[in-house]
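Chemist: Below: sequence and its predicted model.
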Amino acid sequence: MKIKFLGAVEEVGRSAILVKTEEEGFLLDSGVALDHSIKFPVYVSPDEFNTLIISHCHLDHVGSAPLFFIGGIKKALMTKMTKELSRILLLDMLKVSKTYLPFETLEINRFIQYSTEIEKDKQYKINDNTFLEMKDAGHVLGASQILLKFKDKVMLYTGDMNVNKTRTVPPANTNYNENIDVLITESTYATTEHPPRDQVEKKFVEESRKIIEDGGTVLVPAFGVGRAQEIITVLHANNFPYKVVLDGMAKRITEIFMNNPKELYDYKQFVNAVEKTYILQSDQERRYVTREPGIIVTPAGMLKGGPAVRYSEEIAKGRKNAIFLVSYQVEGTPGSTLLKKRVIAMGGKLVKVNAEVKQFDFSSHNGKNDYINLIKETNPKYVFFVHGSRENIEFLFNEINNNMKDTKAIMPKINENYEV
């Protein structure tokens, strides 16, 4: 078996892994990197693989998949929820992108139309010697770990993973019932131990109440898929008494969540949270919502586009207001700049923010010990580290190299073949 990493090497973004056996090839994810511009994985010819398998709907894992449906049809596999959410995110990327994209709506629709829905925890036969099983990855609704069973090897690719439950998403399923030969794991937070979620929730709610009771408005830029829904559920679960407003793409995604009760960790609690949330319906309402105390939850989580940008220009002016970031901030994004320098772009200039700025760790990824425990429990012959900074990857590499003598730890290089 040969493995080639086309992206997500010492970076968070553009995940794409080519796996080739004697019989056929597989492409695991096909994402983009989103910072100042859109970056694609290293080119791979469609002739090199037969099957595209998508772990989940986020653009850093699915954003370049439509490329393989230009002038033809590939075999693509993913869960039903991933399929539904991917279409919305891909069409939105096409709509808001300020750079050229090498595909159009036609290719996105073709990608979705010809994708096969895979049910989690059931074996899917790819050929006589290869079987696929999608295991719940936590992280976001529909997200899956990709378990490939070949004639003489078993490979596990975690995608993005969280073994800890949240208010909306169940924890990852780590009951593999297989001996794992090759593990490919993300490492986004490999050097970070996340604080207990209940403490994060308590602090977030307390800080939000303080701002509102002082007459201010809180803007919460949040990813439209998952994080926005998590935040409104956190507020409801903690008996937040003030107005909570939901806007942007998060409104449509919330409807999809409502229509898939079996996917959610606590469907009843989520429904109650939605019922107590004010869903904005028009531009006219947007003009007034920043003028009264309350919380506005809206994409984009890194302040790259979406209603959050428009709101931030207004919220940033008031000293009684706050911008609370609850999502991962990629280096170079407006959210990252806001955190480090307390400025936002307004009218083509960087303007100082008067509002309070804080970040809360509502991570949907594993923490340091979660990664280490996963590797120890699966005890693979080979482990590759992707989807993380060099610092994070080196930490896991050294940890495994020093403590697991029967496991070969590998820090992959971009576009190099590894034979296992």
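Modeler: Okay, I see it. Residues are numbered from 1 along each chain as shown.

Chemist: Only C-alpha atoms from now on, for both contacts and neighbour counts.
Modeler: OK.

Chemist: The most centrally placed residue in the chain: what's it in contact with?
Modeler: Central residue check for the chain by Cα atoms, centre = their mean: the C-alpha nearest the mean position is that of H58, 4.8 Å away. Applying Cα atoms under 8 Å, 6 or more residues apart in numbering to H58 gives the contacts 86, 89.

Chemist: Over to E419: give its phi and psi.
Modeler: phi -100, psi 130 (degrees, to the nearest 10).

Chemist: Out of the helices and strands in the protein, which is least certain?
Modeler: helix 283-289 (a mean of 80; mean pLDDT, DSSP states H and E).

Chemist: Output the contacting helices and strands for the helix or strand that comes right after it.
Modeler: Where DSSP states H and E defines the elements, the next helix or strand beyond helix 283-289 is strand 294-298. For strand 294-298, the elements it packs on are strand 217-221, helix 227-237, strand 244-246, judged by 3 or more Cα pairs under 8 Å, 6 or more residues apart in numbering; DSSP states H and E.

Chemist: now, of the ones you listed, which is deepest in the fold?
Modeler: Neighbour counts (mean count of other Cα atoms under 10 Å) averaged over each of those peak at strand 217-221, with a mean of 28.

Chemist: quick one, it and helix 227-237 angle?
Modeler: Relative orientation of strand 217-221 and helix 227-237, computed by axes from the mean of the first three to the mean of the last three Cα atoms, to 10 degrees: 140 degrees.

Chemist: Pairing partners for strand 217-221, with directions?
Modeler: Strand pairing for strand 217-221, using DSSP bridges, gives strand 294-298 (parallel), strand 322-325 (parallel).

Chemist: deepest of those strands, which one?
Modeler: It is strand 294-298: most buried of the strands paired with strand 217-221 by mean count of other Cα under 10 Å, with a mean of 27.

Chemist: Break this structure down into its structural domains.
Modeler: Each domain of the chain is listed here as a residue range: 2-192+364-419, 197-359, per automatic domain parsing.

Chemist: what sits up against the least confident helix or strand of the chain?
Modeler: Counting by Cα under 8 Å, 6+ apart, L280 sit against helix 283-289.

Chemist: What about I126, how many residues nearby?
Modeler: Using other Cα atoms under 10 Å, I126 has 14 neighbouring residues.

Chemist: let me redo that: S86
Modeler: 26.

Chemist: Correct me if wrong: it contacts C57.
Modeler: Yes: contact status for S86 versus C57: in contact at 4.6 Å, counting by Cα atoms under 8 Å.

Chemist: Distance-wise, check D160 relative to L148.
Modeler: 16 Å (Cα to Cα, to the nearest Å).

Chemist: Of the two, which one has the most company?
Modeler: D160 (25 against 20).

Chemist: check contacts around that one.
Modeler: Each residue near D160 by Cα under 8 Å, 6+ apart is listed here: 55, 137, 139, 143, 145, 186, 365.

Chemist: now with 7 Å?
Modeler: With contact taken as Cα atoms under 7 Å, 6 or more residues apart in numbering, D160 is in contact with 137, 139, 186, 365.

Chemist: Reformat these as a markdown table; add pLDDT and secondary structure.
Modeler: As requested, the contacts of D160 are exported to a markdown table (pLDDT from 0 to 100; DSSP: H, G, I helix; E, B strand; the rest coil):
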| residue | pLDDT | secondary structure |
| --- | --- | --- |
| A137 | 98 | coil |
| H139 | 95 | coil |
| E186 | 98 | strand |
| H365 | 96 | coil |
